[in-house]
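# Pasted the sequence and its predicted model underneath.
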Amino acid sequence: MAEEVKLFGMWASPFSRRVELALKLKGIPYEYIEEDLSNKSPSLLKYNPIHKKVPLLVHKEKPLAESLVILEYLDETWKNNPILPQDPYERAMARFWAKFIDEKLLPTAAKVSHSTGKEQEQGVEEVHQQLKILENELKGKEFFAGQSIGYLDIVAHVLFWFYSAGEASGVNALTTEKFPIIYEWIEKLIKIDAVNECRIPKEKHQDFIRLRRESLKSASK
Amino acid sequence: MAKSDVKVLGSWPSPFVMRARIALNIKSVNYEYFEERLREGKSELLLKSNPVHKKIPVLIHGDKPICESLVIVQYIDETWSSGPSILPSDPYERATARFWAAYLDEKWFPSIRTIGMAQGEDARKAAIAQVEEGLVLLEEAFGKCSKGKRFFGGDQIGYLDIAFGCFLAWLRVTEKMSGIKLLSEANTPALLNWADRFCSDAAVKDVMPDTEKLAEFGKMVIAKMRGAAPPK
């Protein structure tokens, strides 16, 4: 059964971890293949020729790319432990916020992680504004999805990236003082086994970020 | 206009607004359309319904606003489920349609816009090459998705037809202004025919803007952007 589903991923990619989390929450057996993004495997290039990126899911030889597309596919194919809500309006809201995270929050966060000085300061400002907007969606709820973890929690779980990146980016944009509700949510998440199994190892991650910042700095010289 | 509990806030040149309207037409849902005069500033209703992005389209169903065109199309499909289906029923086909829709929004349409905004012949040529590359991929996708039928969605217009077809007016304007045929018999014969079928479909023809009118609008937008840009 496990050979039916293969996931091509990368340990530090929040998008890849997101799909892993969904697979674990739904109890879907899978084979994981770690990609070296500086030396992409022929399989990855064959199955995802357009974007050549991870995560890439292959189910019965059929490739699927783009993490949000994959999440919906998993939910529609394996009906147990649904991750998306049933109600069309709530589904629309979950999808809306997922887009906000991927199209606004994450690019801004990447900017913060890769920059220094004034540019980084501006990035942090923007990230704070966006986090405040997102944090609002958690108010009065245990998780983004309500009483238990769901689609938007899986998507928003990329916030772990900030949580583990911390000072390695040169600045900690996500602090408990500024975002107590998000922190509470993270504390709840890490009590869930599946989430813990998908955590990006903190020290390894911080080294990875420091290395990347160094290489970007020397590239721009 | 008859009062309805479905409203669309939009702007006639916007391909994203068209997506929402085509979807509602497919489902034969009556709706009130509000044209936003974006140059005069955004309406109270828009700012209230989409405080995060302040953009159109917004669908308001009852008192619930829904934003982001593809989110809206899926909402329409799931809410008016007794009408013709917009997304395919098979999960893999759904994923394929969603994948291409994301590609169109993130890669392809931005490269169309780049053609208009490009400064210098090299930049223009590069943008055109990117659009053409994308169209070759989409031609292939059409073959796979349509399985010999008239649309990406099969016999009827579906999600990917809507996601892609909404850009046809701007594509035609770009062809007109650049003097280059982007869709052609030689390179994209299937898409060329699909484009005509899409634009003449009952759910589409009244919301697809006239190419001439859109070209005038396009010229004005570019002139404004060029005028606003600092001298190089």
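The structure has been received and is ready for your questions.

# And for the closest residue to residue A:216 other than its chain neighbours, the neighbour number?
If the residues on either side of it in the chain are set aside, residue A:216 comes closest to residue A:114, at 5.5 Å by CB to CB, 6 or more residues apart in numbering or on different chains. (C-beta placed from N, C-alpha, C; glycine too.) Other residues near residue A:114 come to 18 when the count uses other CB atoms under 10 Å in any protein chain shown.

# gap between residue A:114 and residue A:107?
From residue A:114 over to residue A:107 the distance is 11 Å, taken as CB to CB, to the nearest Å.

# following the longest helix belonging to chain A, which helix or strand comes up?
The longest helix of chain A (DSSP state H) is helix A:117-136. Using DSSP states H and E, the helix or strand that follows helix A:117-136 in sequence is helix A:151-156.

# can that next one be found next to chain B?
No: applying CB under 8 Å from any CB of the partner chain, one finds helix A:151-156 separated from chain B by no less than 12.8 Å.

# Now do the buried residues in the next helix or strand after that helix.
Following helix A:151-156 in sequence order, the next helix or strand is helix A:159-165 (DSSP H and E). If you call a residue buried by 16 or more other CB atoms under 10 Å in any protein chain shown, then helix A:159-165 has these buried ones: A:159, A:160, A:161, A:162, A:163, A:164, A:165.

# Need the residues that contact stretch B:26-44.
Under the contact criterion CB atoms under 8 Å, 6 or more residues apart in numbering or on different chains, stretch B:26-44 has outside partners B:1-4, B:6-12, B:21, B:24, B:45-46, B:54, B:56, B:76-77, B:80, B:83-84, B:86, B:156-157, B:203.

# how does it look with 6 Å?
B:1, B:4, B:6-9, B:11, B:24, B:46, B:54, B:56, B:80, B:83-84, B:203 (CB atoms under 6 Å, 6 or more residues apart in numbering or on different chains).

# Please, a PyMOL command that selects the buried ones among these?
Only the buried members of the contacts of stretch B:26-44 enter the following PyMOL selection, criterion being 16+ other CB under 10 Å:
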select buried, chain B and resi 6+7+8+9+11+24+46+56+80+203
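
# quick one on the thing from earlier: pick the one among the buried residues of helix A:159-165 closest to residue A:55.
Proximity of these to residue A:55 (CB to CB) peaks at residue A:161, which lies at 14.7 Å.

# surely that closest one meets residue A:13?
No: counting by CB atoms under 6 Å, residue A:161 sits too far from residue A:13 to count as a contact (9.3 Å).

# and the lowest-mean-pLDDT helix or strand in chain A, what does it pack onto?
Using mean pLDDT, DSSP states H and E, helix A:159-165 stands out as the lowest-scoring helix or strand of chain A, at a mean of 76. If you count contacts as 3 or more CB pairs under 6 Å, 6 or more residues apart in numbering or on different chains; DSSP states H and E, helix A:159-165 packs onto helix A:202-219.

# what helices or strands is the helix it packs on leaning on?
helix A:159-165.

# Please report how far the nearest residue to residue A:116 once chain neighbours are set aside lies from residue A:58.
In space, and not counting its chain neighbours, residue A:116 is closest to residue A:170: 6.3 Å by CB to CB, 6+ apart. Per CB to CB, residue A:170 is found 38 Å from residue A:58.

# Settle it for me: which of those two has more neighbours?
Neighbours were counted for residue A:170 and for residue A:58 using other CB under 10 Å; residue A:58 has more, 21 against 17.

# Is that one in contact with residue A:6, as I believe?
Yes: using CB under 6 Å, residue A:58 is in contact with residue A:6, at 4.4 Å.

# So what touches the least confident helix or strand of chain A?
A:14, A:174, A:186, A:200, A:202, A:205, A:209.

# 8 Å instead, please
By CB under 8 Å, 6+ apart, helix A:159-165 touches A:14, A:17, A:109, A:113, A:172-174, A:182, A:186, A:189, A:199-200, A:202, A:205-206, A:209.

# swap in stretch A:24-38?
Residues contacting stretch A:24-38 (CB under 8 Å, 6+ apart): A:1-11, A:20, A:23, A:41, A:43-44, A:54, A:74-75, A:78, A:80-81, A:83, A:149, A:154, A:194, A:197-198.

# Now, these that are in helices?
Using DSSP H, the contacts of stretch A:24-38 in helices are A:20, A:23, A:43, A:44, A:74, A:75, A:154, A:194, A:197.

# Not counting residues beside it along the chain, what's closest to the last one?
By that I understand residue A:197. Per CB to CB, 6+ apart, closest to residue A:197 is residue A:24, 6.1 Å.

# give the contact list for residue B:142.
Neighbour list for residue B:142: B:152, B:190, B:191, B:194 [criterion: CB under 8 Å, 6+ apart].

# Just the buried residues of the helix or strand in which it is found, please?
Assessed by DSSP H and E, residue B:142 sits inside helix B:121-146. The neighbour-count check on helix B:121-146 (16+ other CB under 10 Å) flags B:124, B:127-128, B:130-132, B:134-135, B:138-139, B:141-142, B:145-146 as buried.

# now the residue most central in space within chain B: how far from chain A?
Nearest residue to the geometric centre of chain B (CA atoms, centre = their mean): residue B:166, 2.8 Å. Remark: distance between residue B:166 and chain A (CB to the nearest CB, to the nearest Å) = 17 Å.

# Would you confirm that that residue contacts residue B:21?
No: under the criterion of CB atoms under 8 Å, residue B:166 makes no contact with residue B:21, lying 9.3 Å away.

# Could you grab the helix/strand/coil label for residue 187?
No chain in the question, so chain A it is. helix (DSSP: H, G, I helix; E, B strand; the rest coil).

# That was the other one, I meant chain B.
Residue B:187 ends up coil, using three-state DSSP.

# quick one: stretch B:85-97 near chain A?
Yes: using CB under 8 Å from any CB, stretch B:85-97 comes into contact with chain A via B:91, B:92, B:94, B:95.

# How far off centre is that stretch?
19 Å (CA atoms, centre = their mean, to the nearest Å).

# Buried residues of that stretch, list them for me.
B:86, B:87, B:88, B:91, B:92, B:93, B:94, B:95, B:96, B:97.

# contacting residues around it?
Stretch B:85-97 has contacts (CB under 8 Å, 6+ apart) with A:59, A:62, A:64, A:69-70, A:72-73, A:76-77, B:23, B:26-27, B:73-74, B:76-77, B:141, B:144-145, B:152-154, B:157-160, B:162-163.
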